[in-house]
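Visitor: Could you work out the structure for the sequence below:
(2 chains)
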Amino acid sequence: MDINSIRLLATFGSIAMGTIVPALAIGWIGSKAVDAIGRNPEAASRVQTMAILAIAFAEAIAIYSLVIALIIKFV
Amino acid sequence: MVQISLKAEDIFNLGSFPVTNALFMAFLVLVLLSLFAVFLRRRLKMVPGMLQNIFEFLVEGALTMMDSVLGDRKTSEKYLPVVFSIFLFVLVSNWLGLLPGVGSLIIHHGEETVPLLRSPGSDLNFTLALALIAVTVVNVLGVAAIGFKNRASVFFNFKGPIDFFIGILELISEFAKIISFSFRLFGNVFAGEVLLAIMAFLVPYLVPLPFMFLEIFVGFIQAFIFGMLTLVFVAMAVVSHGEGHEESGPHGAPAH
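Guide: Have a look, this model is predicted:
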């Protein structure tokens, strides 16, 4: 296999495997946030802020793998 | 095929310093924000007009959000300039990067054709600089609030082997924050640009529209996250280390 094919495979593999767990994580965070708001509607805005923050952290991991994929493809 | 370059392209040289399109765009954002600030300042009245009303509402909202993290209004007002400036700068540079002309206006530089304007967040230099500024500001504000010894004792804690290890972890975590900040913003903005370029290349009519909405949303969220995380780290840094464990606000931030 030549280097370009391996490059393509690496790009695909990196982004495919790197987004599975962050997607699950974001789903979990969302579900827990909705649970918390359902239990205690008064704390809704605090829970929401915290949830958005946590979702951005989880998404950052997916972004790291995306950056690696981009570097492999374009550099 | 669309030209996609990870590195921001040079468009001209100031002496021996190459100016990239992202740097040029960041400068435009800076000029825009500064002129707007001066313009608004000149028109401040006791009975506010429409523009002043809007910004009073925004600043009040920002202060209220900072209150929930920091505790009281005085501390919020003290740290509002840094946090809100970072937020505004990232927000305006993300949103201006979506305007038509950014990425499509092309000039000739030497033999190559390069875009004249490029979203500043899509250049790792910009995001890395902002991340360094944010983390430095967090540490400087921490030292200003609780003193150098207290701040240093977070990282170099010689009370026992476990505390020492935790201190080393905290030090590593400062560097991890820099990487995390810069790559989060860079990844989001650069991937957004690539996505928009490819979508516009594949189906030029109608289909790019939902992706533009996504990018507007992502631009706002990333600016909000950058500002909010800076705020949370400042809140954790200025609390005296021993008493910090009673408050629920600053210690809500999870690991990176």
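
Visitor: Can you report how many residues lie near B:Lys7?
Guide: 12 (other CB atoms under 10 Å in any protein chain shown). For glycine as for every other residue, the C-beta is placed from the backbone atoms N, C-alpha and C.

Visitor: swap in B:Asn94?
Guide: B:Asn94 has 27 neighbours, counted by other CB under 10 Å.

Visitor: A:Ser31 too?
Guide: Neighbour tally, A:Ser31, other CB under 10 Å: 10.

Visitor: Quickly find the element holding the residue lying closest to B:Val82 once chain neighbours are set aside.
Guide: Setting aside the residues directly before and after it, B:Val82 is nearest to B:Val137 in space (CB to CB, 6 or more residues apart in numbering or on different chains), at 5.6 Å. B:Val137 is part of helix B:124-146 when elements are defined by DSSP states H and E.

Visitor: And the contacts of that helix?
Guide: The contact list for helix B:124-146, computed with CB atoms under 8 Å, 6 or more residues apart in numbering or on different chains, reads B:8, B:20, B:22-23, B:26, B:79, B:82, B:86, B:89-90, B:93, B:120-121, B:151, B:174, B:177-183, B:185-186, B:189, B:226, B:229-230, B:233-234, B:237-241.

Visitor: Where does chain A get nearest to chain B, which residue?
Guide: Nearest residue of chain A to chain B: A:Ile63, at 3.2 Å (CB to the nearest CB).

Visitor: What helix or strand is that residue located in?
Guide: Assigned by DSSP H and E, A:Ile63 falls in helix A:44-74.

Visitor: Quick one: list the elements packing against that helix.
Guide: helix A:3-18, helix A:20-39, helix B:50-70, helix B:161-202, helix B:208-238 (3 or more CB pairs under 8 Å, 6 or more residues apart in numbering or on different chains; DSSP states H and E).

Visitor: and A:Ile68, which of these is closest to it?
Guide: In terms of CB to CB, the element of those nearest to A:Ile68 is helix A:3-18, at 5.1 Å.

Visitor: Can you give the contact residues for that closest one?
Guide: A:Ile61, A:Ala62, A:Tyr64, A:Ser65, A:Leu66, A:Ile68, A:Ala69, A:Ile72, A:Lys73.

Visitor: list the buried ones in that helix?
Guide: A:Thr11, A:Ser14, A:Ile15, A:Gly18 (16 or more other CB atoms under 10 Å in any protein chain shown).

Visitor: Give me the pLDDT value at the second one.
Guide: Reading off the per-residue confidence, A:Ser14 sits at a pLDDT of 93.

Visitor: Please apply the same query to B:Arg43.
Guide: Looking at B:Arg43, its pLDDT reads 87.

Visitor: That one contacts B:Met50, doesn't it?
Guide: No. Using CB atoms under 8 Å, B:Arg43 makes no contact with B:Met50, being 10.6 Å away.

Visitor: Which of these two has more residues huddled nearby?
Guide: Taking neighbours as other CB under 10 Å, B:Arg43 and B:Met50 compare with B:Arg43 leading, 10 against 7.

Visitor: Report the contact partners of that one.
Guide: Neighbouring residues of B:Arg43 by CB under 8 Å, 6+ apart: B:Gly49, B:Leu51, B:Gln52.

Visitor: please redo it, this time with the cut-off set to 7 Å
Guide: Listed by CB atoms under 7 Å, 6 or more residues apart in numbering or on different chains, the contact set of B:Arg43 reads B:Gly49, B:Gln52.

Visitor: ok so, going back, measure how buried the residue nearest to B:Val82 is and give me the count.
Guide: For B:Val137, the neighbour count with other CB under 10 Å is 18.

Visitor: what about it, distance to B:Pro18?
Guide: 28 Å (CB to CB, to the nearest Å).
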